[in-house]
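Q: structural data only, the sequence is not supplied:
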C-alpha cells in the first residue's frame, strides 16, 4: 500500500533512548548505553484508513504513537506526513500546521484532562492555540460541533462542567472532542478503551469508527488486544520489542498469522467459545526481555518454539507472504 | 467497588469554591487562625481611628514605664508613649512588610521553581544551585551587605513605596531569603505535574511552553503555593521581628520587632515592665501562629486524598 | 434462598449479604443481598464493571472489608460454620489456612526488602508452626509448584518480572493449603501472554490440589477460559448465575447478553460494534427497580418499579422480569 494516498509514512524510524549512568556520567551528560525502544519501523497509513498497532507492554507501541504526535523525538529514520519530512521538526510555529492535522487520544482520560479546566476550555484549547478561530461565536460553534460529534449531547450542558463531574465514558468523549475540534486528518488513539468499563467500550469504538466513516479521518489504533484490533482496524501491525514483526489486513493477521509471535499472541488471548486451531504451537515461555538487551538475530528467538540456527544469527527482513501481508520470520517463506 | 468515582452535582467554579470553603472552615485551626488574622488586619488597616496618630517622644501622653491602667491599657514605654498605640501602629508595619515580602518570595519562588522543574536539564541544575545559595544565605548578613547599597541609591531620608530605607531593606532581604523554600516546593510539584498526560495533550493541541506553564501547571500549583505562602508569611514575621530586634528597623516607623528592641534596650525586662515586652511579643506569636494554622488547614484541604478541587 | 438439601458438599455459602459504605455521612450500599454457594474445588468467576460490587463481595468473604464498610445484613458460612467476617482478629485463623487472596498489584503486596523465599516461608511458620528449616523447604517446594526454579527464591521482588511476582503471590496463597483462593483481578496488570500463563497455572493447581477459586474480573473472556461457573454482577447485585457454557451460549439477562455481544469475537466472524447505551449507575443514586432498566433495550413498565429477585431458571439463576414472567406463564399454563 505504498502509494500516493498514504497520509503518513514511517521509514525505518527509530528511537534509541540513552541510559543514564552514574552521577559522574550524568553531570557530563554521557550516556551509558541505549534502549532500543523503537527499532527501524516501516509503516504507512492511508487516508481514512484504520491501522491497529498491537503489542505487549515494552513493545514500543506507545512510543511509536508519541513519535507520530511529536511528543517524542526520533533518533533516526524518517517520518513523512503527506510526503513532507516531519522527522526532526521541533519548532512550535513549524509544528502548528502539523498539529492541526494530527491529533491524539489518550488511554487515561482522567489524566489527560486538566482538573481545573472546564469541558469548554479543554475542547477549545487546540482551537485557540492553533489560532483556528477568529471570534467567540466561531469558537463556541466549533466546540459544540466537536462535543456533538463525540456524542456529548446537548453540548451546552457540558460546557461548564469539570472533568471530575463526568463519568469515565464521558471523559473519554471529551478527550475525543478535543482531538476532533481541529478537524484532523489523522488521529493516534493510544489504548482509548482499555481503562473504560466493558459496557462503555463499544460506545467509544463507535464514535471512532464514525469519524472515519463520516469524515474520512485516518486512525492509528494502539492496543494490546488482538480481537479488538480485528474488530476496528483495516490493517494490523504487530510489534515485538520495538520491531514490526508482522503486518497485514485485519482478517489475515487474525485468521492466518504467519509470525510465531502473532500466533502466540492469538493463542494467549482469552476467547469466548473455544476456538479451533488453538494448539498449533505450544504456549510461550518467559517474558518480553528488556529493550536495553535486545537479543541478537531475530529478537523473538529465545522464546520462539520454532527457532533454529539462522534465527539466532541473522535478523529476518520483512518477507511478503501474501497480498499486503509481511512477516519478519525466516519460516514465513 | 474496584474503582470508585466521586461525582459532584455542582457545575460551576463558584460551587467548587463554596465546597472548598466549607471544608477549609471545617478545621478548627482555620477558624481560629482566620479570626486572629481578621482582628489584626482590621487593627492594621485603621490605627489612627483606633488609637490616634503614632505617638513620639514629643507627643507622648503618659509617665515613664507606667504599668497598665485605665488610661493606658497596655502601660507606657520609657519616654511615656502609650504601648497600645505603638503596638497597633506596629501591626501595620509588621504585617505590611511580611505580606509584601511574601508576595516577592512567592512570585520569585514560583517563577524559578516552575521554570527549573518544567524545563529540567541544565536550566534545572543552574536554577537550583542558585536556589540553594539563597536557601542557606543568613538574612542578617544579607541585610548588612545590602543596607549601604540601598541607602546609597535611595538616599537616607527618602521613602520608597511609603517605606523608609531600612524597612525597605528588611522587606527586600526577607523576600530574597524566603523564596528559595517556595522554589523547592514548586519545583518538586512541577516535576510531577509535567509528566501528567494533560500536559502531553496540551502539547498535541499546539500550546506553547509558556502557555502550558501558565494555563496547565500554574493553576495546579495554587494549592501548594497557597499552603506554603501562609507558612512563608509566618516565617517573614519572625525574620522581620528578629532583624528589627537586632537594630535594623527604623524608629520612625516602629514595627513589633523595633518595639521589642526598644524595650530590651530600655531595660524593660530588668525593670519588670512586662507589658512593654509582652504586648509586641504576644502579637508576633499570635499572628505567626494564625498563619501557620491557616497554612496547615489549607494543606489538609488540598491534600490529594481529601481535596475537593482535584 | 438456599436450598437446604444442597448444604452438604458446599464449601462456602453466602446468604443475603449486604455491605454499606459510609462516606462523609452518606451511606451507600455496595452490595445488596448477595446469595450464592460454592462447592469444594469449584471455580467461579465474579464478573462486573467498576462499582458492581464484585470486589466488595470478595473482600467481605475474606473478612478484609475496609473500616468504613458495614455489613448490614446476611452472613457467610464456611463448611456450614458462620464466619466472623466483620471481625478482623477472629478471621485471622481462617485466612491463609482456609481462604487466601491473590491481589492485583503483586509489587505492593510483597515486601521489597525481603527475599521471596522468606516471604513465602513466613506464613508457614506462623500458621503451620513449622521450624525455619521446614518452612524454607516448604517455600522452595511451593516455588517449584508455581513454576519458579527453587534457586530463584533468593531473589528480591524487584528482580522478578510482573508475571513471576504474581506467581510468588500464588505460592504465598498456597502456603497453608487453603481450600479457597480468591483472585482479585490477578491478571489484569499483566500482558496477554503472561496472563495466559498465570491462568493456566491457576487451572492446573486447582485441579491438582482441589482448591475452589473465586476469580474477580471485569473480563468475561478470562472467565470463559478458566471457570466452571460465572456470576454476573450489576450495581451491587447478582443478575445472572450459571455455568460458563450455558451463559455464553444462551445468556438470559439482557445485560449479560449485551456484555457478551460487546466483546470482539473473531470466531464469530461478525465485525459489528454493538454499544450498550448509557453509563453504569453510581452507588449513591441507584435506579429504582432493576438497576439496569435505564439502559435495557427490553425494559418494561415493571422493571422501573419492582426489583426482580434472583430466581432459579434452568440450571442457573437470573434476576430479570422477562424471564420470571415467562416462568410464571409456564406455571400458569401448567395449572
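A: It's in. As the structure is a computational prediction, the values presented were derived from the model and not from experiment.

Q: tell me the buried residues in the helix of greatest length in chain A?
A: In chain A, taking DSSP state H as the definition, the longest helix is helix A:198-215. Neighbour-count burial for helix A:198-215, counted by 16 or more other C-beta atoms under 10 Å in any protein chain shown, picks out A:198-205, A:207-209, A:211-212. To be clear about C-beta, it is placed using only N, CA and C from the backbone, and glycine gets the same treatment.

Q: can I get these in TSV including pLDDT and distance to chain B?
A: Formatted as TSV, the buried residues of helix A:198-215 follow (pLDDT from 0 to 100; distance: C-beta to the nearest C-beta, whole Å):
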residue	pLDDT	distance to chain B
A:198	84	12
A:199	84	14
A:200	87	12
A:201	89	15
A:202	90	19
A:203	89	17
A:204	90	16
A:205	92	21
A:207	91	17
A:208	92	17
A:209	92	22
A:211	90	16
A:212	91	19
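
Q: from those, list the ones also adjacent to chain C.
A: Restricting the buried residues of helix A:198-215 to those adjacent to chain C (criterion: C-beta under 8 Å from any C-beta of the partner chain) gives A:198, A:199, A:200, A:201, A:202, A:203, A:205, A:209.

Q: grab the nearest non-local neighbour of the second one.
A: Meaning residue A:199. residue C:276 (4.5 Å; C-beta to C-beta, 6 or more residues apart in numbering or on different chains).

Q: flag the shaky bits of the stretch 51-200 of chain A, pLDDT-wise.
A: Within the stretch 51-200 of chain A, no stretch has pLDDT under 70.

Q: tell me the residues of it that contact chain C?
A: Residues of the stretch 51-200 of chain A lying near chain C (C-beta under 8 Å from any C-beta): A:56, A:57, A:167, A:168, A:169, A:170, A:197, A:198, A:199, A:200.

Q: report how many residues lie close to the first one.
A: A count of neighbours around residue A:56, defined by other C-beta atoms under 10 Å in any protein chain shown, yields 20.

Q: still on that earlier bit, quick one, phi/psi of the residue nearest to residue A:199?
A: phi -90, psi 120 (degrees, to the nearest 10).

Q: residue C:263 is in contact with that one, correct?
A: No - using C-beta atoms under 8 Å, residue C:276 is not in contact with residue C:263; the gap is 11.5 Å.

Q: spit out the contact partners of residue C:169.
A: Each residue near residue C:169 by C-beta atoms under 8 Å, 6 or more residues apart in numbering or on different chains is listed here: C:102, C:103, C:106, C:109, C:110, C:186.

Q: closest to chain B among the residues you listed?
A: residue C:103 (11.3 Å; C-beta to the nearest C-beta).

Q: quick one: the nearest residue to residue B:95 once chain neighbours are set aside from residue B:235, how far?
A: Leaving aside its chain neighbours, residue B:95 sits nearest to residue B:44 (4.7 Å; criterion: C-beta to C-beta, 6+ apart). According to C-beta to C-beta, to the nearest Å, residue B:44 stands 19 Å off from residue B:235.

Q: and the closest residue to chain B within chain C, how many neighbours?
A: Of all residues in chain C, residue C:50 sits closest to chain B, at 4.1 Å by C-beta to the nearest C-beta. Around residue C:50 there are 19 other residues, counting by other C-beta under 10 Å.

Q: for the one 3 residues further on, same thing?
A: Counted with other C-beta under 10 Å, the neighbours of residue C:53 add up to 27.

Q: next one: the one 10 residues further on
A: Using other C-beta under 10 Å, residue C:63 has 21 other residues around it.

Q: where along the chain do the strands fall?
A: Answering for chain A, as no chain was given. A:6-20, A:31-46, A:50-54, A:76-81, A:84-85, A:102-105, A:186-190, A:218-223, A:235-240, A:243-249, A:319-322, A:325-327 (DSSP state E).

Q: nope, chain C
A: So, for chain C - with DSSP E - the strands run C:10-23, C:26-39, C:43-47, C:69-78, C:81-82, C:99-102, C:180-184, C:212-217, C:229-234, C:237-243, C:311-313, C:316-318.

Q: tell me the helix or strand right after the longest helix belonging to chain B.
A: The residue-count maximum for a helix in chain B (DSSP H) belongs to helix B:83-119. Per DSSP states H and E, helix B:83-119 leads on to helix B:121-136 as the next helix or strand towards the C-terminus.

Q: elements contacting the helix or strand that that next one is followed by?
A: Downstream of helix B:121-136, the first helix or strand assigned by DSSP H and E is helix B:139-154. The contact analysis (3 or more C-beta pairs under 8 Å, 6 or more residues apart in numbering or on different chains; DSSP states H and E) places helix B:139-154 against helix B:165-193, helix B:218-243.

Q: need these in JSON lines with distance to residue C:14, mean pLDDT and mean neighbour count, can you?
A: Shown next, in JSON lines, are those (distance: least, C-beta to C-beta, whole Å; pLDDT from 0 to 100; neighbours: other C-beta atoms under 10 Å in any protein chain shown):
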{"stretch": "helix B:165-193", "distance to residue C:14": "42", "mean pLDDT": "86", "mean neighbour count": "23"}
{"stretch": "helix B:218-243", "distance to residue C:14": "43", "mean pLDDT": "84", "mean neighbour count": "22"}
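
Q: in a markdown table: the ones you listed, plus distance to chain A.
A: Listed next are those as a markdown table, based on distance: least, C-beta to the nearest C-beta, whole Å:
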| stretch | distance to chain A |
| --- | --- |
| helix B:165-193 | 10 |
| helix B:218-243 | 4 |
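
Q: I'd like those laid out as a markdown table, including distance to residue A:247.
A: Formatted as a markdown table, those follow (distance: least, C-beta to C-beta, whole Å):
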| stretch | distance to residue A:247 |
| --- | --- |
| helix B:165-193 | 37 |
| helix B:218-243 | 41 |
